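Undergrad: Below is the sequence, then the predicted model.
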Amino acid sequence: MMDAARWKAGVKRFLFWLFYYSGLELLVARCIKIDAAAVIMYHGVCNDSRLPPEVDFHLTADAFEEKAVRINQTLSQRLRIVRIFGNDIVLAGWSWIG
């Protein structure tokens with residue numbers, strides 16, 4: 001019984017891999033109209049962190065800006081980026097290009 005479950009999981013993983021890397025996933029995503037959005041929220045951006053360096057995972061504003069530019073460039077290749085500004089909080093979200 002365990003061998004059948006493992007075999008099924010392996011086949012499923014392979015099919016998902018094939019679907020993604022063959023480009024079919026992108027084709028289906030562009031053909032199907034999806035009325036949804038996702039929101040990316042960044043945490044840990046701080047210029048004056050008081051944590052010891054060994055456990056400080058905060059990014060400075062400059063380092064975050066560089067990383068955010070690269071992330072947005074990558075996401076914009078497949079998705080439409082929508083920026084929402086409010087007060088001093090910046091959220092970057094996207095919705096599928098339909």
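TA: Happy to help now that I have it. Numbering: from 1, shown residues only.

Undergrad: per-domain residue ranges of this structure.
TA: 1-32, 34-98 (automatic domain parsing).

Undergrad: just how off-centre is the first one within its chain?
TA: For domain 1-32, the gap between its own C-alpha mean and the chain's C-alpha mean amounts to 19 Å (Cα atoms, centre = their mean, to the nearest Å).

Undergrad: for the record, mean pLDDT for that domain?
TA: The pLDDT scores in domain 1-32 average 86.

Undergrad: go on, stretch 37-52?
TA: pLDDT averaged over stretch 37-52 gives 79.

Undergrad: buried residues in that stretch?
TA: Residues of stretch 37-52 classed as buried by neighbour count (16 or more other Cβ atoms under 10 Å): Val45. No exception for glycine: its C-beta is placed from N, CA and C like everyone else's.

Undergrad: How about the backbone phi and psi for the residue nearest to Asp56 when sequence neighbours are not counted?
TA: In this structure, Asp56 finds its nearest non-sequential neighbour in Ser49, 5.1 Å apart by Cβ to Cβ, 6 or more residues apart in numbering. The phi/psi pair for Ser49 (degrees, to the nearest 10) reads phi -70, psi 140.

Undergrad: quick one: Ser49 and Val55, what's the gap?
TA: Separation of Ser49 from Val55 (Cβ to Cβ, to the nearest Å): 10 Å.
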